[in-house]
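>>> Any chance you can model this:
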Amino acid sequence: MINNDLNLNLNASLHDVAVSNVINRCVLLNARSLKNKLCEFKSLLSDNYMVVSVTESWLDSSVTEGMIYTTGKYSLHRNDRQTRQGGGVLCLVSKD
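The predicted structure follows:
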């Protein structure tokens with residue numbers, strides 16, 4: 001059930017982000033800081049994925065749920081690293 005891996009170049013600022021297309025409507029990103037890529041990330045969400053997982057989000061409490069996505073079509077689950085910069089994961093799961 002696993003499709004071929006897919007590397008996407010979403011934008012010049014995302015050129016190092018490896019995207020694995022695990023099943024038809026799921027995506028996994030290693031963002032290496034999502035803060036400076038939020039516009040591109042929101043654009044990715046318009047592709048109607050069921051599950052979007054992000055490793056190395058590098059987010060902290062200064063980034064609100066509304067800054068990550070604004071449509072309300074996902075449930076957001078995240079765990080930011082508390083002790084230092086880097087790390088962190090998040091997962092958006094479609095409410096549909």
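>>> was I right about S53 contacting V27?
Yes: with contact defined as Cβ atoms under 8 Å, S53 and V27 form a contacting pair (7.2 Å). The way it works is simple: take the backbone N, C-alpha and C, and place the C-beta from them, glycine included.
>>> Would you mind naming the residues that bridge with the residue nearest the centre of the chain?
Among the residues of the chain, the one closest to the centroid is V54, at 4.1 Å (Cα atoms, centre = their mean). Counting by DSSP bridges, V54 forms beta bridges with L29, L90.
>>> quick one, what contacts it?
Residues counted as contacts of V54 (Cβ atoms under 8 Å, 6 or more residues apart in numbering) are 28-31, 34, 41, 89-91.
>>> repeat that with 6 Å
By Cβ atoms under 6 Å, 6 or more residues apart in numbering, the contact set of V54 is 29, 31, 90.
>>> Save these as TSV, and put in distance to R78, pLDDT and neighbour count too.
Compiled in TSV, the contacts of V54 are given as follows (distance: Cβ to Cβ, whole Å; pLDDT from 0 to 100; neighbours: other Cβ atoms under 10 Å):
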residue	distance to R78	pLDDT	neighbour count
L29	13	94	23
A31	12	94	24
L90	4	96	21
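>>> hey, which helix is longest across this structure?
Ranked by residue count and defined by DSSP state H, the top helix of the chain is helix 38-45.
>>> Mind checking the pLDDT average for it?
Helix 38-45 carries an average pLDDT of 91.
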